[in-house]
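K.L.:
Make a model of this:
(chains A and B)
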Amino acid sequence: MNNSQLKSALLRLGDDALILGQRLAEWCGHAPALEEDIALTNISLDLIGQTQSYLSLAGSLFEDGVKTDDELTFLRTDREFQNLLLVEQPNGNFGDTIVRQFLFDKFALLRAEHLAQQTFNSEAAAIAAKAVKEIRYHADHSSKWVIRLGDGTTESHDRVQKSLDDLWKFTGEMFISDEIDRAGVESGFLPNLDDLKKKWDEEIDNVLGEATLTRPEDCFMQTGGRTGIHTEQLSFMLAEMQVLPRTYPGTSW
Amino acid sequence: MNATHEKLREEFDAYVAEDKKIEPKDWMPDGYRKTLIRQISQHAHSEVVGMLPESNWITRAPSLQRKAILLAKVQDEAGHGLYLYSAAETLGVDRADLIADLLSGKARYSSIFNYPTLTWADMGAIGWLVDGAAIMNQVPLCRCSYGPYARAMTRVCREESFHQRQGYSIMMELMKGTEDQKAMAQDSLNRWWWPSLMMFGPSDKHSTHSSQNMKWNIKRFSNDELRQRMVDMTVPQAELIGLKIPDSDLKWNNETGHYDFGEIDWEEFNNVLSGNGPCNKERLEARNKAHDDGAWVREAASAYAEKKSKK
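P.N.:
Here you go, the predicted model:
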């Protein structure tokens, strides 16, 4: 895995965390209960922390000079972001947010566990080791809510089943390997996504079973996030997120 | 019966006068209980409604670090809401009922949150001035006669002082920046200064709850005393970073050792209090929408918990 590939892999890690953290922050003050305001904000905060670490490390690998985490966050265009399409999907109702989180958390946890143990890049390993502890809590939180909503009332069951059906088309992208992934696997930095998918399937099925939810049939999977081809949602999100640094270039806050 | 009540009342007053703490199971006069429920729940509501003007800027925070700090701050506020509702519940009320009163507009919350947050600098002004005023009001409450409230306030104040520092740090950074940033900071101070002073409530001549609350050690200092402290503390902080307090009557008084300052626009104060502030309607609508949208989630959680407890 060369420097440029490592940089891309780190950008993907940072962008997944950033975009999902930004989405969750939109919930702040509007959650179904005060406890969930705290939980969602806390998860968002963890993800923004992971973003800072991954993007700073990615920023140190640019050949034309170091870029800061803020430059990468606030001054890239939508075509330069490499996050999964799943994490940029709008919050929708609480069930949509929880299912999006659940599908991602289970993937992110397996990925971070590998990253924490690899020896190819020790700085990334240290970031991932901290992230594992956080994501374990996130996955526990989202899994428990999937179960509560799935096995709660008829209404909640139907709602969360619909969330699952609607978001399923974004799950395939998590496990597609391109040359960066292949180089990452070869050097030991990234996990083998086929192996990861087997574990993910098993964990998803366990939770869905307990939640009395039906796993959707594998449909046509939407892809493009890793190469910067996003859904229509991302550009609006960036417009909001980047408004101040772009309006007042060169300022510090 | 009356004689017993009288005796209990005398014992209670003597106990409180000795600066001792009342705990949930202790006898207390109805008026004391009612006052505390009103005050603690208003305080809890203020924390919860107070999340809205700040969460308005989380998604637009201009750096990742500022975003993280603001997230942590608003999360703290939700936490304050939680332990204040718990403190109120020790007095025999239910959080759901208290929240219902907030949502119906029956219960009050701090009027300051009915002002809009229009620029990033408002995150600075809120932390510095609004949390500053809140600390001024709340530090004495750490010694309040009601144990659960006093203990909750100790924790709240610790976190509020971090909030105040982060607010001032936003202002400081802006005042070190470009002309646009300085103007943004000054404009924000101009809009938040007077509403912050209004946070201490009506002037002592018009305050209805004060004297009994002082006797009960629920209140330690009068509204005007606390307001004066706020002015004395804040003016030098503004000067230090080059901000101008928007009050032409403001000047240092050598004789009193305090700043003299202009009269608050009490008409504005009363208007915002009675529902005519810029955002009164929006804040309540936002809380009601969150509550209504979340109803199916709360129902599902209860239904699931019930199923589990039966197994």
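K.L.:
Going by C-alpha atoms from here, please, whenever you check contacts or count neighbours.
P.N.:
Fine.
K.L.:
give me the low-pLDDT residue ranges for the stretch 151-300 of chain B?
P.N.:
Where the stretch 151-300 of chain B drops to pLDDT under 70, the residues are B:209.
K.L.:
Strands of that one, start to end?
P.N.:
For the stretch 151-300 of chain B, strands defined by DSSP state E, counting those that start in this stretch occupy the ranges B:251-253, B:258-260.
K.L.:
Against B:H258, how distant is A:I19?
P.N.:
Separation of A:I19 from B:H258 (Cα to Cα, to the nearest Å) stands at 50 Å.
K.L.:
With neighbour numbers in mind, choose between these two.
P.N.:
Per other Cα atoms under 10 Å in any protein chain shown, whichever of A:I19 and B:H258 has more neighbours is A:I19, with 29 against 15.
K.L.:
so that one makes contact with A:Q89?
P.N.:
No: look at A:I19 against A:Q89 with Cα atoms under 8 Å: they stay out of range, at 9.4 Å.
K.L.:
list the contacts for the residue of the stretch 51-200 of chain B found nearest chain A?
P.N.:
As assessed by Cα to the nearest Cα, chain A sits closest to B:R60 within the stretch 51-200 of chain B, at 4.7 Å. By Cα atoms under 8 Å, 6 or more residues apart in numbering or on different chains, B:R60 lies in contact with A:E240, A:M241, A:Q242, A:V243, A:L244, B:K67.
K.L.:
Inside helices: which ones of those residues?
P.N.:
The members of these that map onto helices under DSSP state H are A:E240, A:M241, A:V243, A:L244, B:K67.
K.L.:
Quick one: the helices in chain B, in order.
P.N.:
Here chain B has its helices, by DSSP H, at B:2-17, B:30-58, B:64-89, B:95-104, B:121-125, B:131-138, B:147-175, B:179-198, B:210-215, B:223-240, B:266-271, B:280-293, B:295-310.
K.L.:
Could I have the CA atoms of the fifth one written out in PDB?
P.N.:
So the one you mean is helix B:121-125. Output in PDB follows, covering the C-alpha atoms of helix B:121-125 (Å, rounded to 0.1, in the frame of the first residue of the first chain):
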ATOM      1  CA  ALA B 121     -20.700  35.000  17.500                       C
ATOM      2  CA  ASP B 122     -24.000  34.400  19.300                       C
ATOM      3  CA  MET B 123     -22.500  31.100  20.500                       C
ATOM      4  CA  GLY B 124     -19.800  33.200  22.100                       C
ATOM      5  CA  ALA B 125     -22.200  35.700  23.600                       C
END
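K.L.:
neighbouring contacts of it?
P.N.:
B:54, B:57, B:117, B:166-171, B:174, B:184-185, B:188-189, B:192.
K.L.:
Just among those, which is most surrounded?
P.N.:
Tallying neighbours with other Cα under 10 Å puts B:M171 at the head of the contacts of helix B:121-125, with 31 neighbours.
K.L.:
Quick one: low-confidence residue ranges for chain A.
P.N.:
Judged against pLDDT under 70, chain A has no low-scoring part.
K.L.:
Now the lengthiest helix in it: buried residues?
P.N.:
Of all the segments assigned as helix in chain A under DSSP H, the longest by residue count is helix A:122-150. Neighbour counts over helix A:122-150 (16 or more other Cα atoms under 10 Å in any protein chain shown) mark A:124-125, A:127-129, A:131-132, A:134-136, A:138-139, A:141-150 as buried.
K.L.:
Which strands and helices lie in contact with the helix or strand hosting A:L18?
P.N.:
Taking DSSP states H and E as the criterion, A:L18 maps to helix A:3-25. Contacts defined by 3 or more Cα pairs under 8 Å, 6 or more residues apart in numbering or on different chains; DSSP states H and E place helix A:3-25 against helix A:34-59, helix A:85-88, helix A:179-186.
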